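Undergrad: let me see the structure of the following:
(2 chains)
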Amino acid sequence: MSAAFVSGIVVFVLAAFVGLEVISKVPPTLHTPLMSGANAISGITIVGAVIAAGVGEGTFAAILGFLAVTAATINVVGGFLVTDRMLEMFKKKPGRG
Amino acid sequence: MTDFLFFAAEAESNEGTLTLLLYLASAVLFILGLKQLSSPRTARRGNMLASGGMLIAIVVTLIANDITSWATVIAGLVVGGGVGALLALKVKMTSMPELVAAFNGFGGVASALVALAEIERNDAAFSVETGVVVALSLLIGSITFSGSFVAFGKLNGSLPGRPILLPAGKSINALLALGAIGVSVWAIAAEEAFAYWIVVAIALVLGVLAVIPIGGADMPVVISLLNSFSGVAAAMAGFVISNSALIIGGALVGAAGMILTLLMADAMNRSIANVLFSGFGATTSSGGPIGDKPVKSATPDDVAIALTYAENVMVVPGYGLAVAQAQHAVRDLANILEDKGINVTYAIHPVAGRMPGHMNVLLAEADVPYDQLLDLDQSNPRFGQTDVVLVIGANDVVNPSARADETSPIYGMPILDVDYASTVVVIKRSLSPGFAGIDNPLFYLDNTMMLFSDGKAAVESVISAMANV
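TA: From the prediction side, this is the model:
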């Protein structure tokens, strides 16, 4: 196994623990926005999709790349926008005006 | 230094140190964003930080790589961005669970496609460890994709929400899983692109068959788990293309989804394995005869009178509230009560609705301040001092047999102890049992009034009755 691959595993494990620490304190009220926000972050695969689409050669690679970029972008743009839409509603209101 | 921080230095796209540090910056923004999502005050900023991190990652990727087919990339960004924005801005808050399911699916398929593109580019010639992560990206990404779209169909009603049990379903799934692993080994050993495609095909079928037998009320667990999978798939794709931003982002989401999955399973007092494999709710369990026990059927006037003389009122929403779109009517009723000096709070069970936090989002949409939304631990001590509890479209989460009846299938599940309140008003279409197929003794208690109606119509009729009290 290459040293690079091993350091990848190190990064993965440490990041998972950071995730567990950071997220275990989210109150139930915010569980839906947390999930859709996290969902948008999983769209980071867009980086791989852009590389696949941008440097690939041939029609088939182009089709795969295009589909990957499209799916990942739906995930990223849709995920962040809908999370923002939800969070906009979570305001502390002093009763009604 | 570079090698320690970021092994992507070896990637063939000759990324410089600056590129790697910018990917680190976006990963840090993801972590800070998730952290700020833990408080309603900072959550919106947190989401913006995370999206800023994403923007950095995308721009860096576009600049640092020798992109030759700009048309393909831009077409994907425009089409995906348009579709994503349209879905996000058009969706009704009640439909949030199916939207999140769909987004999970898109994330999963994107990771699988990234791995497929790598297979095409390298003609499936990988080192063993890269072959393993390619196979894992395909497997997890494809299962996430097909599983999420079955969940989507169940949630939006295009597929039946009840569990669909296939004969020998579990054995078939076990065989498929073993087959996928076997074919993966073949693909890696023989460096055979075709074999990787077979892995995709098996995983797609497995995703469908795994989610089909799971009932609607168990969807909070399923969506959380698929959310976790979409993260793990992204992390695996990160290993495939040697990119630490993907590995970190994916691991964070994998962890977040896993926490929610465990919380949801705990809230049902069931293991994740039980939720996934038991086909819970497929058969109508004993339940006993329904309808020959006396229930007190109430009119909207009865409810209005009970509410008028109350000091403390608690509302317990369930999936029925979402189906009936009753959140605004509930808020209107609460306004009337608050004007009379009555204290109104909302008790929300963790698995009320179809995804974690579903009820909270609906009530927030109806302008209910979040500090009136109480979770299970905050609510239960208060029912004893509550004059009227309004149960709207909830059933199993308020079933006292979970507390008392050791033979009940839901025995041991933490419930909201609404029966401790002086008066319980249950708004429900009929006496039909809930998702678990279990009769609810709450309906037959002396202090329970049943208001048989659609949730929204019932609340509106109580509002008009209030005017005459």
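
Undergrad: hang on, B:Val391 in a strand?
TA: Yes: B:Val391 sits within a strand when classified using DSSP: H, G, I helix; E, B strand; the rest coil.

Undergrad: ok, B:Ala50 touching B:Gly33?
TA: Yes: at 3.0 Å, B:Ala50 counts as touching B:Gly33 under the criterion of CB atoms under 8 Å. For every residue, glycine as well, the C-beta is placed using N, CA and C.

Undergrad: anything in contact with each of these two?
TA: A:37, A:41 (CB atoms under 8 Å, 6 or more residues apart in numbering or on different chains).

Undergrad: now for the most centrally placed residue in chain A: which residues touch it?
TA: Against the mean C-alpha coordinate of chain A, by CA atoms, centre = their mean, the closest residue is A:Ile41 at 1.5 Å. By CB under 8 Å, 6+ apart, the residues touching A:Ile41 are A:79, B:30, B:33-34, B:50, B:53-54, B:231, B:249, B:252-253.

Undergrad: what about these, which are in helices?
TA: Assigned to helices by DSSP state H, the following of the contacts of A:Ile41 qualify: A:79, B:30, B:33-34, B:50, B:53-54, B:231, B:249, B:252-253.

Undergrad: now do the helix or strand in which B:Ala187 is found, average pLDDT.
TA: Using DSSP states H and E, B:Ala187 maps to helix B:169-190. The average pLDDT for helix B:169-190 rounds to 94.

Undergrad: repeat that for stretch B:201-214.
TA: The average pLDDT within stretch B:201-214 is 95.

Undergrad: what does that stretch contact?
TA: B:138-148, B:150-151, B:154, B:163-166, B:169, B:172-173, B:176-177, B:179-180, B:183, B:222, B:275-277, B:279-280, B:282.

Undergrad: so which of those are in helices?
TA: Short answer: the contacts of stretch B:201-214 in helices (DSSP H) are B:138-148, B:150-151, B:154, B:169, B:172-173, B:176-177, B:179-180, B:183, B:222, B:275-277.

Undergrad: of these, which ones also sit close to chain A?
TA: When CB under 8 Å from any CB of the partner chain is taken as the criterion, no member of these contacts chain A.

Undergrad: narrow those to those that are buried.
TA: B:138-148, B:150-151, B:154, B:169, B:173, B:176-177, B:180, B:183, B:222, B:275-276 (16 or more other CB atoms under 10 Å in any protein chain shown).

Undergrad: can you get me a residue count around the residue nearest to A:Asn75 when sequence neighbours are not counted?
TA: Spatially, and ignoring its direct neighbours in sequence, A:Asn75 is nearest to A:Gly43 (3.7 Å; CB to CB, 6 or more residues apart in numbering or on different chains). By other CB atoms under 10 Å in any protein chain shown, 33 other residues sit near A:Gly43.

Undergrad: before we move on, what about the one 3 residues further on?
TA: The burial count assigned to A:Ile46 is 32, neighbours taken as other CB under 10 Å.

Undergrad: for it, give me its contacts.
TA: So A:Ile46 contacts A:69, A:72-73, A:75-76, B:54, B:57-58, B:61, B:110 (CB under 8 Å, 6+ apart).

Undergrad: check which helix or strand residue 85 maps to.
TA: Because you didn't say which chain, this covers chain A. Secondary-structure element containing A:Arg85, defined by DSSP H and E: helix A:79-89.

Undergrad: not what I meant, chain B
TA: Going by DSSP H and E, B:Ala85 is part of helix B:70-90.

Undergrad: can you tell if that helix touches chain A?
TA: Yes: using CB under 8 Å from any CB, we find that helix B:70-90 touches chain A at B:70, B:72-73, B:75-77, B:79-81, B:83-85, B:87-89.

Undergrad: wait, doesn't B:Leu246 sit right on B:Ala235?
TA: Yes: the criterion here is CB under 8 Å, and B:Leu246 meets it with B:Ala235 at 6.4 Å.

Undergrad: now the helices for chain A?
TA: Taking DSSP H to define them, one finds helices in chain A at A:3-23, A:31-42, A:46-55, A:59-73, A:79-89.

Undergrad: deepest-packed of these, please.
TA: Sort these by mean neighbour count, taking mean count of other CB atoms under 10 Å in any protein chain shown, and helix A:31-42 sits at the top with a mean of 31.

Undergrad: if we can go back for a sec, the inter-axis angle of the helix holding B:Ala85 versus helix A:59-73?
TA: Between helix B:70-90 and helix A:59-73, the angle comes out at 30 degrees (axes from the mean of the first three to the mean of the last three CA atoms, to 10 degrees).

Undergrad: show me what helix B:70-90 packs onto, helices and strands only.
TA: Where contact means 3 or more CB pairs under 8 Å, 6 or more residues apart in numbering or on different chains; DSSP states H and E, helix B:70-90 is packed against helix A:46-55, helix A:59-73, helix A:79-89, helix B:96-122.

Undergrad: for it, buried residues please.
TA: Neighbour-count burial for helix B:70-90 [16+ other CB under 10 Å]: B:72-73, B:75-77, B:79-81, B:83-85, B:87-88.

Undergrad: the residue nearest to A:Asn75 and B:Ala50: what is the separation?
TA: The gap separating A:Gly43 from B:Ala50 is 10 Å, by CB to CB, to the nearest Å.

Undergrad: quick one: residues in contact with the strand or helix carrying B:Val426.
TA: In this assignment (DSSP H and E), B:Val426 forms part of strand B:423-428. Applying CB under 8 Å, 6+ apart, the contact partners of strand B:423-428 are B:298, B:303, B:306, B:310, B:320, B:387-393, B:395, B:418, B:442-443, B:445, B:447-453, B:455, B:458-459.

Undergrad: anything in stretch B:460-469 near chain A?
TA: No: under the criterion of CB under 8 Å from any CB, chain A is not reached by stretch B:460-469; the shortest gap measures 15.6 Å.

Undergrad: contact partners of that stretch?
TA: Residues outside stretch B:460-469 that contact it (CB under 8 Å, 6+ apart) are B:299-301, B:303-305, B:307-308, B:329, B:332-333, B:336, B:451, B:453.

Undergrad: ok, stretch B:151-162 next?
TA: With contacts defined as CB under 8 Å, 6+ apart, stretch B:151-162 is touched by B:95, B:97-98, B:101-102, B:105, B:150, B:211, B:214-216, B:219, B:222-223, B:226, B:281-282, B:354.

Undergrad: go again using 6 Å as the cut-off
TA: By CB atoms under 6 Å, 6 or more residues apart in numbering or on different chains, the list of residues contacting stretch B:151-162 from outside reads B:97-98, B:101-102, B:211, B:215-216, B:222, B:354.

Undergrad: so which of the residues you listed is the most crowded?
TA: Neighbour max across these (other CB under 10 Å) = B:Val222, 30 neighbours.

Undergrad: for the record, mean pLDDT for stretch B:139-146?
TA: On average, stretch B:139-146 scores 97.

Undergrad: swap that for stretch A:65-79, sorry
TA: Averaging pLDDT along stretch A:65-79 gives 97.

Undergrad: which stretches in the stretch 351-469 of chain B count as helices?
TA: Applying DSSP state H, counting those that start in this stretch to the stretch 351-469 of chain B gives helices spanning B:358-365, B:376-379, B:401-404, B:455-468.

Undergrad: lowest-confidence stretch among these?
TA: Among the helices of the stretch 351-469 of chain B, helix B:401-404 carries the lowest mean pLDDT, at a mean of 89.

Undergrad: alright, calling it a day.
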